[in-house]
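K.L.:
Starting from these lines, generate the structure:
(chains A and B)
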Amino acid sequence: GENVEQHPSTLSVQEGDSAVIKCTYSDSASNYFPWYKQELGKRPQLIIDIRSNVGEKKDQRIAVTLNKTAKHFSLHITETQPEDSAVYFCAASIRWDYGGSQGNLIFGKGTKLSVKP
Amino acid sequence: KAGVTQTPRYLIKTRGQQVTLSCSPISGHRSVSWYQQTPGQGLQFLFEYFSETQRNKGNFPGRFSGRQFSNSRSEMNVSTLELGDSALYLCASSLATSGGARTGELFFGEGSRLTVL
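P.N.:
This next block holds a predicted model:
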């Protein structure tokens, strides 16, 4: 089955700096890669996702890149702010071209990001 | 629209007891997944249900079971509790095709925090 490795487990940056979190996956059939953010004491929430037919996707200060050959994908946060402090989870699953996901959504173990003011 | 509701939010049990956790998905969401969250292990997939049928199952012992009702509400049960079962149990719901493939993001509940003494 799919296995997702996530690094680093903790990351501390100064406000305004960039943060990068990296994940690798094992199942070459996986083609859907969402990222979830979990603030302290709250539920995980989707912040961005990417499908394997694109190499990069951006949403304001957040971007995700995907390297299918190497089977790894990364989350980039620019101009970090204290409210970016949270645990970030990457995940992978198989998604059919015509819509819908089969199989489990497998998560990495998470990265605790701390942004120091 | 109400979010995913999980009950109870907190519970304390002793070893050997059993526990039942409940999840009410977002209205219209027919796919329900369960995850176990522990420090350092991230979100580990337990099982996924659609149309009262278990579609996928993670690598957990048979003490962990679940079911889904005709209104899409789901329950999970853990029998013969062990200390290591202490965790936050998260339920997530999603839209799905008529065949049960998830078509949207996972929306998580706030979780049920189980402590086993």
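K.L.:
What's the per-residue pLDDT of the residue in chain B that chain A sits nearest to here?
P.N.:
Scanning chain B for the residue nearest chain A gives B:Ala101, at 2.7 Å (criterion: CB to the nearest CB). No exception for glycine: its C-beta is placed from N, CA and C like everyone else's. Looking at B:Ala101, its pLDDT reads 77.
K.L.:
For it, give me the backbone phi and psi.
P.N.:
phi -80, psi 130 (degrees, to the nearest 10).
K.L.:
residues touching A:Asn3, list them.
P.N.:
Residues near A:Asn3 by CB atoms under 8 Å, 6 or more residues apart in numbering or on different chains: A:25-27, A:106.
K.L.:
Check B:Thr5 too.
P.N.:
The contact partners of B:Thr5, taken as CB under 8 Å, 6+ apart, are B:23-24, B:109.
K.L.:
neighbour-wise, which of those leads?
P.N.:
For the contacts of B:Thr5, counting by other CB atoms under 10 Å in any protein chain shown, the largest number of neighbours falls to B:Cys23: 27 neighbours.
K.L.:
Mind pulling up the pLDDT for the closest residue to that residue other than its chain neighbours?
P.N.:
If the residues on either side of it in the chain are set aside, B:Cys23 comes closest to B:Cys91, at 3.4 Å by CB to CB, 6 or more residues apart in numbering or on different chains. Among the per-residue scores, B:Cys91 shows a pLDDT of 97.
K.L.:
Help me confirm that B:Cys91 comes into contact with B:Phe108.
P.N.:
Yes. Applying CB atoms under 8 Å, one finds B:Cys91 in contact with B:Phe108, separated by 7.2 Å.
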